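Undergrad: The sequence and its predicted three-dimensional model are supplied below.
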Amino acid sequence: MTTKTYKTAGWQRFELNRRKMLANYDLAKFENAKRPLQTEHGNVAEATLRSWLNDFLPDRYGVTSGFILPPVLEVNHPVEYHYDLIIYDRLNAPVLASDLDNDKSRSGTSKMIPAQCVKAVFEVKARATQASSTTAAKKLQELSAIRRFFGRNFFSGVVFFELETPPKRSLKILDELIPDSAQSRMLDTGCILRCTPHEEASGKLESFHGVINGPTSQPPLFRNFLDVRMVLEGGIPSSTNDTSFGIFNVRTTSNNHQQHFYLRHISRTAKGEPGNYRGVTVEWSRNGFTIFILDLLSRLGTGRRFSPDVVGGLPFGLEFDQPN
């Protein structure tokens with residue numbers, strides 16, 4: 001008897017869209033390779049993600065680069081709240097100003113959006129490095145000064161297009177995303193679209209705070225989990241190494257749920273004191289990009305981070321690993 005396997009609807013489309021965005025990025029990186037100032041592939045990364053989200057998200061949400069305008073500012077306020085990717089309430093937000101950005105697209109028109117209409121903010125970086133992580137974190141921390149003007153469910157994050165073969169101290173990339181002050185804003189969610197040369201892997205970023213069981217740092221940032229054999233013992237995956245397994249209960253008939261598993265590698269780092277840690281995790285899997293998008297949709301729709309319960313136990317876009 002052949003064992004049935006399941007994938008949830010739309011998984012090919014999610015993977016296709018991830019690969020299309022990376023292909024646009026790679027072409028720009030190739031074209032940009034011999035230029036003295038190599039920034040164009042970063043601009044393309046921003047533009048291609050904004051364009052896809054504009055098409056993907058419900059019409060009530062607009063996606064733009066531009067400025068966030070708080071209702072009250074000091075006259076000589078030195079900070080301009082400009083961000084790579086702003087998701088805002090398109091139906092209720094007046095656009096106070098706009099001008100065409102270099103990518104010449106609708107989503108590349110830099111706009112000025114009132115803070116109370118902003119739903120989410122993302123910094124978009126080409127490569128995940130310690131330097132780019134530091135820059136992204138500083139931009140998110142600027143939001144702390146105007147946090148009172150956002151809605152209750154506002155969230156922010158970082159998207160990196162690639163992590164190249166991780167350096168020895170690669171956990172510093174996560175460390176830099178954690179502010180030293182508990183009062184400073186840090187990322188809520190984020191994604192690393194791929195780790196080269198492991199093209200199938202994408203990483204879901206997420207912040208946490210509170211108590212940690214075990215060491216505060218769990219290296220390395222990436223380990224190749226893709227070659228691990230999934231062996232079931234008593235219907236539960238087991239492995240001799242430190243690769244872990246994700247579990248989703250997916251409805252296969254009207255009255256039956258069935259467990260499905262996917263391979264993953266989780267790394268984390270944290271700062272603070274015992275009982276009051278602030279930290280960031282990255283979960284690598286074939287579903288990393290999909291889980292990031294499901295998390296974004298969940299936060300926009302319910303104000304809660306993604307879990308199967310939030311979507312009624314029926315997430316879409318997931319690919320499961322088959323046991324050997």
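TA: Now that the structure is in, tell me what you want to look at.
Undergrad: what's the next secondary structure element after the lowest-mean-pLDDT helix or strand in the chain?
TA: When the helices and strands of the chain are scored by mean pLDDT, DSSP states H and E, strand 97-100 comes last with a mean of 66. Counting by DSSP states H and E, the element after strand 97-100 in chain order, helix or strand, is strand 109-114.
Undergrad: Show me what the mean pLDDT comes to for that next one.
TA: Summarised as a single mean, pLDDT over strand 109-114 is 86.
Undergrad: Note down every partner strand of it and its orientation.
TA: When pairing is defined by DSSP bridges, strand 109-114 lines up against strand 61-69 (parallel), strand 97-100 (antiparallel).
Undergrad: For the following helix or strand past that strand, C-alpha coordinates in CSV please.
TA: Using DSSP H and E, the next helix or strand after strand 109-114 towards the C-terminus is strand 118-127. Listed next in CSV are the C-alpha coordinates belonging to strand 118-127 (Å, rounded to 0.1, in the frame of the first residue of the first chain):
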residue,chain,number,x,y,z
VAL,A,118,0.8,52.6,9.4
LYS,A,119,0.4,48.9,10.0
ALA,A,120,3.9,47.6,9.7
VAL,A,121,7.4,48.7,8.8
PHE,A,122,10.3,46.6,7.3
GLU,A,123,13.9,47.3,6.5
VAL,A,124,15.1,45.3,3.5
LYS,A,125,18.7,44.3,3.1
ALA,A,126,20.5,42.5,0.3
ARG,A,127,22.9,40.4,2.5
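Undergrad: mean confidence for strand 118-127?
TA: Rounded mean pLDDT across strand 118-127 is 96.
Undergrad: quick check, Ala145 in a helix?
TA: Yes: assessed by DSSP: H, G, I helix; E, B strand; the rest coil, Ala145 belongs to a helix.
Undergrad: Show me the residue at the heart of this protein, geometrically.
TA: The chain has Gly190 as the residue nearest its centroid, 2.1 Å off, counting by Cα atoms, centre = their mean.
Undergrad: hang on, it is in a helix, isn't it?
TA: No: under the criterion used here (three-state DSSP), Gly190 is strand, not part of a helix.
Undergrad: give me the low-pLDDT residue ranges for the stretch 101-250 of the chain?
TA: Within the stretch 101-250 of the chain, the stretches with pLDDT under 70 are 101-108, 239-242.
Undergrad: could you pull out the helices for it?
TA: Secondary structure of the stretch 101-250 of the chain (DSSP state H, counting those that start in this stretch): helices at 130-142, 172-175.
Undergrad: Mind exporting the C-alpha coordinates of the first one to PDB?
TA: Listed next in PDB are the C-alpha coordinates belonging to helix 130-142 (Å, rounded to 0.1, in the frame of the first residue of the first chain):
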ATOM      1  CA  GLN A 130      26.800  42.000  10.900                       C
ATOM      2  CA  ALA A 131      27.000  45.500   9.300                       C
ATOM      3  CA  SER A 132      23.600  45.300   7.500                       C
ATOM      4  CA  SER A 133      22.000  43.900  10.700                       C
ATOM      5  CA  THR A 134      23.300  46.800  12.700                       C
ATOM      6  CA  THR A 135      22.000  49.300  10.200                       C
ATOM      7  CA  ALA A 136      18.500  47.700  10.100                       C
ATOM      8  CA  ALA A 137      18.400  47.500  13.900                       C
ATOM      9  CA  LYS A 138      19.200  51.200  14.200                       C
ATOM     10  CA  LYS A 139      16.400  52.100  11.800                       C
ATOM     11  CA  LEU A 140      13.900  50.000  13.800                       C
ATOM     12  CA  GLN A 141      15.000  51.600  17.000                       C
ATOM     13  CA  GLU A 142      14.200  55.000  15.700                       C
END
